[in-house]
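Enquirer: Okay, structure incoming, though there's no sequence with it:
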């Protein structure tokens, strides 16, 4: 169980770092942002993240219907995906790409905070 949680946490931090790195490469118009590995690796990491999260939720009998923080994380995940799409696919201007990166990082930060605090208030829980 602990190794599954470790894998999930590792993937969560790696996906955030990868999002930041790819966003910076896009904003700098660096050709590495279009490299095949740069495009494929995030899907592999995110798949591991999603599967490990699902298995953890099943193992601990967590349900978004009974755990509000989990429901909030899932809703925020859709927002994170939307900002990622804005940055990667629909960001045809530097302004949209920047907004996608910034919005994605803010939502990512919320998701991490909600996971650590087990609260829909995320980092506000610690204030």
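Expert: Okay, I see it. Fair warning: this is a prediction, and the values are worked out from it, not measured in the lab.
Enquirer: center of the protein, which residue is that?
Expert: In the chain, the residue lying closest to the centroid (Cα atoms, centre = their mean) is residue 108, at 4.9 Å.
Enquirer: any idea of the mean pLDDT in the helix or strand where residue 43 lies?
Expert: For residue 43, the host element (DSSP states H and E) is helix 36-59. The average pLDDT within helix 36-59 is 94.
Enquirer: can you pull the buried residues of it?
Expert: For helix 36-59, a neighbour-count test (16 or more other Cβ atoms under 10 Å) marks 38, 42, 45-46, 48-49, 52-53, 56 as buried. For the C-beta atoms, the positions are set from N, CA and C on the backbone; glycine is no exception.
Enquirer: Stretch 76-84 now?
Expert: Neighbour counts using 16+ other Cβ under 10 Å place 76-77, 79-80, 83-84 of stretch 76-84 among the buried residues.
Enquirer: Done for today, thanks.
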